[in-house]
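In: Here is my input; please provide its structure:
(chains A and B)
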Amino acid sequence: MKVSVAAEKCVAAGQCVLLAPQVFDQREEDGVVVLLDEAPGPELHDAVRESAMVCPASAIHVTQ
Amino acid sequence: MNRIAIVGASAGGLSTAEALRRTGYQGTITLVGDEPEMPYDRPPLSKQLLAGQWTPSRLALRSEADIEALGLDLRLGVPATALDLARRVVTLADDTPVPYDTLIIATGVRARRLPGTDGVAGVHTLRSLPDALTLKDRLVPGRHLVIVGAGFVGAEVAATARGLGVRVTLLESGPVPLALAVGEEAGRFLTSLHQQHGVDIRTGATVTGIARTAAGAVSGIQLADGALVPADDVLVAIGSTPNTEWLSGSGLAGRDGVSCDEYCAVADGVYAVGDVARWYNPLFGAEMRVEHRTNAAEQALAVARNLVAPQARRPFAPVPYFWSDQYGTRIQAYGCLRDHDEAVVIEADPNGRTFLVAYRKDDRLVGVLATGKTPKTLRPWRARITARAPWTAALNHPTAA
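Out: Numbers count the residues shown, from 1 in each chain, chains lettered A, B, ... in the order given. I've put the predicted structure just below:
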């Protein structure tokens, strides 16, 4: 799995950090997404896909 | 369960289709939408799109390739007009029948209008992409926009219009703008933000009619106290109405949206998601209908999972979340702010850069609204709302500010 984020689209909702804190974080100053792991292990795939699905800005892109 | 019909192709409907595929459903999915455009995102309409920062193509909820890959029977530009519950058939406006085994209602809401203003040039509502593009063309420096209704749509458009050099008057029938949604404390904070940016805010303003030019276009708003507020354009932002007329023959159209249980089930084989769904949220022990962008996607995922794995179905019990951008300030809120018993300002710096309000219902913390606060500060608040923290303990928590 390969994950990418579009920081300029991010609205800092933080849903991804709640779902997959091992993969996503937020910048302290404005809450914009920070990608911690662009190739997360299989145990995190469901959480990452769910993050991409519920992201209100469609700012997370997952390719298999 | 081999045919699922989803009526409504915006965030809730498309997310349901996507979630069904992701959770392994391989049957037919018919996705019906009344708008001709490919599914697009609405929150940027009042912000980036209206400001001219983004083009419409940027609003696409998913790329055409991603939608293609979902293998949908896509019916765009044709609204559903009727539902026959007994026969399990949805009828579309072109008389096409769509038979289904499971139906997802995701028809959303539409903007309420001011009586007597339909078709009057210069009177706008903002819900769809064409609405936003029409309004955008009118927001030219020096023109005067009068916004009727100081909710979030009205407030966001006021901020965008000021950024474009448009003169803005914001009319609110209540004593404090936004108070219905976020309470008087947060409403006063946001009022001062708008006033600092030159918005003329008139509270206690009851609209009685519109004035028109000889050519029939709007020229002003008539108020109950006799005042006439001149306007080049008027945005009517007085809330929304759930799109349930097509359900009228089925008995599923409720007083305010479609009524669901905690699993978002409406009736046997029928579910609802998004703005139109009024469901029982067991976390707060209350029925709610939430018009937040994040709720549509989360509810879609919950419904899809419950459909694919009914033996392991779970209630949909989220902490609602919304954000709003005004003048470069981002307002974020978690929980249920409406109908609170008390709102306490935890923090408010005098220059207006940071602000945090906590909301109580009965003896529980039920919500928080903040601006200028870091994620590290807000996450524990959200956790306390999720945990149904007692009010006193939540406020006395060491990380409460």
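In: Quick check: the closest residue to A:Ala47 other than its chain neighbours vs chain B, distance?
Out: Distance criterion CB to CB, 6 or more residues apart in numbering or on different chains; nearest residue to A:Ala47, sequence neighbours excluded, is A:Ala20 at 3.9 Å. Every residue, glycine included, has its C-beta placed from N, CA and C. Going from A:Ala20 to chain B by CB to the nearest CB, to the nearest Å gives 14 Å.
In: need the contact list for A:Ala20.
Out: Residues in contact with A:Ala20 (CB atoms under 8 Å, 6 or more residues apart in numbering or on different chains) are A:Pro40, A:Leu44, A:Ala47, A:Val48, A:Glu50, A:Ser51.
In: Could you list which of the residues you listed belong to strands?
Out: Judged by DSSP state E, the contacts of A:Ala20 include no members of strands.
In: Tell me the residues of chain A that contact chain B?
Out: Proximity of chain A to chain B, by CB under 8 Å from any CB of the partner chain, involves residues A:11-15, A:17-18, A:26, A:28-31, A:49-50, A:53-58.
In: Now, of these, which are buried?
Out: Among these, those scoring as buried are A:11-15, A:17-18, A:26, A:31, A:49-50, A:53-58 (criterion: 16 or more other CB atoms under 10 Å in any protein chain shown).
In: Out of these, name the ones that lie in strands.
Out: Short answer: these in strands (DSSP E) are A:Gln26.
In: Around residue 22, how many other residues sit close by?
Out: Just so you know, I chose chain A. Neighbour count for A:Gln22, taken as other CB atoms under 10 Å in any protein chain shown: 14.
In: let's do chain B instead
Out: Other residues close to B:Arg22 by other CB under 10 Å number 18.
In: Over to it: give its phi and psi.
Out: Per-residue torsions, B:Arg22: phi -60, psi -30 (degrees, to the nearest 10).
In: Which residues are in contact with it?
Out: So B:Arg22 contacts A:Arg49, A:Met53, B:Ala304 (CB under 8 Å, 6+ apart).
In: And B:His194, by the same measure?
Out: Counted by CB under 8 Å, 6+ apart, B:His194 has contacts B:Ala155, B:Ala158, B:Ala159, B:Leu170, B:Pro177, B:Ile201, B:Gln326.
In: helices and strands around the longest helix along chain A, which ones?
Out: Taking DSSP state H as the criterion, chain A has its longest helix at helix A:45-54. Applying 3 or more CB pairs under 8 Å, 6 or more residues apart in numbering or on different chains; DSSP states H and E, we find helix A:45-54 packed against helix A:15-19, strand A:60-63, helix B:11-22, helix B:293-308.
In: Any chance of CSV for the ones you listed, columns distance to B:Glu68?
Out: Listed next are the helices and strands packed on helix A:45-54 as CSV, based on distance: least, CB to CB, whole Å:
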stretch, distance to B:Glu68
helix A:15-19, 25
strand A:60-63, 15
helix B:11-22, 12
helix B:293-308, 19
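In: So for B:Asp34, which of those sits nearest?
Out: Closest approach to B:Asp34 among the helices and strands packed on helix A:45-54 (CB to CB): helix B:11-22, 10.8 Å.
In: what's the first-to-last distance across stretch B:93-113?
Out: In stretch B:93-113, first residue to last residue: 23 Å (CA to CA, to the nearest Å).
In: where in chain A is pLDDT low?
Out: Chain A contains no residues with pLDDT under 70.
In: quick one, which residue of it lies the farthest from its center?
Out: Going by CA atoms, centre = their mean, the residue of chain A most distant from its centre is A:Glu29, 17.5 Å out.
In: Find the nearest non-adjacent residue to that one, please.
Out: B:Thr374 is the one closest to A:Glu29 (CB to CB, 6+ apart), at 7.3 Å.
In: now do B:Leu247
Out: That would be B:Ala253: by CB to CB, 6+ apart, it lies 4.2 Å from B:Leu247.
In: Look at that neighbour and say how many residues are nearby.
Out: Count around B:Ala253 with other CB under 10 Å applied: 20.
In: Repeat that for B:Leu133.
Out: 13.
In: cool, the one 3 residues further on as well?
Out: Residue crowding around B:Lys136 was assessed by other CB under 10 Å; the count is 16.
In: Can you classify it by secondary structure?
Out: helix (DSSP: H, G, I helix; E, B strand; the rest coil).
In: From what I see, B:Gly97 and B:Thr91 are in contact.
Out: Slight slip there: residue B:97 is Pro, not Gly. Yes: B:Pro97 lies in contact with B:Thr91 (CB atoms under 8 Å); the separation is 5.7 Å.
In: Just want to know which of the two has more residues nearby.
Out: B:Thr91 (16 against 12).
In: hmm, back to that, how near is the residue nearest to B:Leu247 to A:Val11?
Out: 32 Å (CB to CB, to the nearest Å).
In: what does B:Asp256 give?
Out: Distance from B:Asp256 to A:Val11, by CB to CB: 27 Å.
In: before we move on, what about B:Ala17?
Out: For B:Ala17, the distance to A:Val11 - CB to CB - is 23 Å.
In: Repeat that for B:Ala296.
Out: In terms of CB to CB, B:Ala296 sits 14 Å off from A:Val11.
In: Equivalent analysis for B:Ala121, please.
Out: Relative to A:Val11, and taking CB to CB, B:Ala121 is found at 34 Å.
In: where does chain B have low pLDDT?
Out: Those would be B:1, B:398-401, if you go by pLDDT under 70 across chain B.
In: if we go to 90?
Out: Along chain B, segments meeting pLDDT under 90 span B:1-2, B:116, B:180-181, B:254-255, B:328-329, B:349-353, B:372, B:374-376, B:396-401.
In: so what's the backbone phi/psi at the residue nearest to B:Leu247?
Out: phi -80, psi 110.
In: Any idea what it is bridged to?
Out: B:Val258 (DSSP bridges).
In: Much appreciated, bye for now.
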